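Colleague: Give the three-dimensional model of this entry:
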Amino acid sequence: MNEVRVYKKMIRKLGYKNDQQGIINRYLREKGQWDTHLLRCREYILDSIECHKPDIVTFLGSGWLLDIPLEEVQDKCNRINLVDLMHPSQVKHITGSVRKVKLYEEDLTGGALSAIWDGYTRDIDISNIEIPLYEPLFDAGLVFSINVLTQLDSLPADFLARKTKMTTKEISKLRQAIQRAHIRYLKNIDSILITDYIEHLRTENKIIESNDLVFIHLPHGQRIEEWTWEFDNSGNYYRGKRVEFGVKAVDMVKD
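Modeller: Purely as a prediction, here's the structure:
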């Protein structure tokens, strides 16, 4: 089996294809409940570009472009790199004729996904695998990590919990390592981080449960904003409960 087929099988088995489709389905189902969050993301991105005036920008976790003001960014930058594990065909179609936009399909964990998949398929202990830093092979300019930090570890963790005998502690350690590597990469460059960091489950009147989504200390920066993302009001994500995320945006561009 060639490398491309193995890669596609890994993406499918780890759940990324279904998760990507699930995101757009939930967005459509919520009928505008995401709009405040998406607007805050777009405003923070444009404010950051206005402040730092980069020639090149890179968006990690570009996905369906819901949170990226692509048209406005085109007017302000000369090159836009969109990076994700895989790009929806609709995004490929939309950006195919845009001269300034370049698509890259890359593993933002720096190769951890392949190590996890190889360990699983070959029955090798992966509880202590090294998590490499993601290193793009192109000029990234100002890098935006957009609502992707908690996605990097969640699907591998779910897969390992279902398919292996790894303990909860071992999986948590791996999740922490994946998130830490991503933040370490961002801290080494000029970057902007936007991420959900806590999940609240609520009824109409009160929060009934809260769960951390980030297992490391988020970095400090020169401009920090926070808001609430009404993620699921339909009761589909957790039956009968509304879900909202706390979101934080951090400007880590060096002076």
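
Colleague: List the contacts of stretch 152-170.
Modeller: Residues outside stretch 152-170 that contact it (Cβ atoms under 8 Å, 6 or more residues apart in numbering): 13-16, 19, 108-109, 112-113, 116, 120, 126-127, 171-172, 174-176, 178-179, 182, 213. C-beta: built from backbone N, CA, C; applies to glycine.

Colleague: 7 Å instead, please
Modeller: Stretch 152-170 is contacted from outside by 14-16, 19, 108-109, 113, 116, 120, 127, 171, 175, 178-179, 182, using Cβ atoms under 7 Å, 6 or more residues apart in numbering.

Colleague: Buried subset of those, written for PyMOL?
Modeller: Here is the PyMOL command that selects the buried residues among those (16 or more other Cβ atoms under 10 Å):
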select buried, resi 14+15+16+19+108+109+113+116+120+171+175+178+179+182
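
Colleague: Can you tell me which of the contacts of stretch 152-170 has the lowest confidence score?
Modeller: The member of the contacts of stretch 152-170 with the lowest pLDDT is Ser127, and it reads 80.

Colleague: now it: how far from Ala115?
Modeller: To Ala115, Ser127 is 12 Å away according to Cβ to Cβ, to the nearest Å.

Colleague: what's the farthest-apart pair in the contacts of stretch 152-170?
Modeller: Pairwise distances across those peak at 23.7 Å for Asp19 and Ser127 (criterion: Cβ to Cβ).

Colleague: now, among the contacts of stretch 152-170, which is nearest to His52?
Modeller: For those, the residue nearest His52 by Cβ to Cβ is His182; the value is 20.6 Å.

Colleague: Tell me who's in contact with that closest one.
Modeller: Applying Cβ under 7 Å, 6+ apart to His182 gives the contacts Leu108, Leu149, Leu152.

Colleague: Checking my notes, it in a strand, right?
Modeller: No: with DSSP: H, G, I helix; E, B strand; the rest coil as the criterion, His182 is helix rather than part of a strand.

Colleague: burial measure for Ile94, as a count.
Modeller: When neighbours are defined as other Cβ atoms under 10 Å, Ile94 has 15 of them.
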